[in-house]
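Trainee: Dropping a prediction and its sequence here:
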Amino acid sequence: MAILQMEDGSKLTDLQSIIQELAPLGITLNYWSIGDNPELHHLLSQDSLDDAQKETVLTHLDHYFNELASTGYTSRDLIVLHPEVPNLDTMLSKFDKIHTHADDEVRYIVAGEGIFGFVRPDGSQVELTVQPQEYINVPAGTQHWFILTPAKRVKAVRYFCGTAGWVPKYTDIQIRVGRQVASV
Ligand SMILES: CSCCC(=O)/C(O)=C/O
Ligand SMILES: [Fe+2]
Ligand code: NI
């Protein structure tokens, strides 16, 4: 269940209210069902997955990729983050500073949770916790950051229309909004 933390520390959990607060950024946030396939749920319950298991997960969810492919998306992968991932903090340090991408950032959370932070057009900052079955599209050029919750676990499908556009371009704006604690 998505949680939006405002700069004053208040939190929204109603999806429509969250969507309204993110509207000035043009962010899409949708509920995409994972379905009830036992093999898929078993794989998603594991911390780490080998390449074949990742591809099995992606194949189970490719009906969503096929929809995006009709709008120009050409590839997808599954990012699997958990505390035992080597150099996890180094990898996360690429995303925990305010940055933009030349392409939309399109993610589908399928396990765990993560926090996207955004700088809104009026300069205010918000942090959005996204959880399983939530799809987010962060438009190209949006000033954002990404961190994990204390659980330090997330599995997300990443959709690409080419790879050059997802390289982070850092801005010099500092993050002000507080850090969320683990979700409810
Ligand atoms: C959960 S996706 C990993 C984070 C990422 O790709 C990114 O660009 C965050 O801003
Ligand atoms: Fe990003
Ligand atoms: Ni097993």
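Mentor: Received it, and whenever you're ready, just let me know what you need. Ligands and ions are numbered 1, 2, ... in the order given.
Trainee: and whichever residue of the chain sits closest to ligand 1, what does it touch?
Mentor: As assessed by CB to the nearest ligand atom, ligand 1 sits closest to residue 146 within the chain, at 3.4 Å. Using the backbone N, CA and C atoms, a C-beta is placed for each residue, glycine as well. Counting by CB atoms under 8 Å, 6 or more residues apart in numbering, residue 146 touches 92, 95-96, 114-117.
Trainee: Pull out the buried positions in stretch 76-89.
Mentor: Along stretch 76-89, these residues count as buried under the neighbour rule (16 or more other CB atoms under 10 Å): 76, 78, 80-82, 85.
Trainee: Who does the closest residue to residue 11 other than its chain neighbours form a beta bridge with?
Mentor: Nearest non-adjacent residue to residue 11, counting by CB to CB, 6 or more residues apart in numbering: residue 5, 5.2 Å away. Applying DSSP bridges to residue 5 gives these bridge partners: residue 11, residue 127.
Trainee: one step back: of the buried residues of stretch 76-89, just say which sits nearest to residue 173.
Mentor: residue 81 (24.6 Å; CB to CB).
Trainee: show me what contacts that closest one?
Mentor: The contact partners of residue 81, by CB under 8 Å, 6+ apart, come to 88, 91-92, 112, 148, 152-155.
Trainee: Packing partners of the top helix by length along the chain?
Mentor: If you go by DSSP state H, the chain has its longest helix at helix 51-60. Helix 51-60 makes packing contacts with helix 38-45, strand 75-81 when contacts are defined by 3 or more CB pairs under 8 Å, 6 or more residues apart in numbering; DSSP states H and E.
Trainee: Adding distance to ligand 1, write those out as CSV.
Mentor: Shown next, in CSV, are those (distance: least, CB to the nearest ligand atom, whole Å):
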stretch, distance to ligand 1
helix 38-45, 14
strand 75-81, 5
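Trainee: how about CSV for these, with mean pLDDT and distance to residue 13 added?
Mentor: Listed next are the helices and strands packed on helix 51-60 as CSV, based on pLDDT from 0 to 100; distance: least, CB to CB, whole Å:
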stretch, mean pLDDT, distance to residue 13
helix 38-45, 98, 23
strand 75-81, 97, 24
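Trainee: so which of the contacts of residue 146 comes closest to residue 104?
Mentor: Nearest to residue 104 out of those is residue 116 (CB to CB; 13.0 Å).
Trainee: Helix, strand or coil: sort out the closest one for me.
Mentor: Under the three-state scheme (DSSP: H, G, I helix; E, B strand; the rest coil), residue 116 adopts strand.
Trainee: where does the chain dip in pLDDT?
Mentor: By pLDDT under 70, the weakly predicted segments of the chain are 178-184.
Trainee: Please list the residues of it that sit near ligand 1.
Mentor: Within the chain, the positions adjacent to ligand 1 are 79, 95, 105, 107, 114, 144, 146, 154, 156, 158 by CB under 6 Å from any ligand atom.
Trainee: Good, we can wrap up now.
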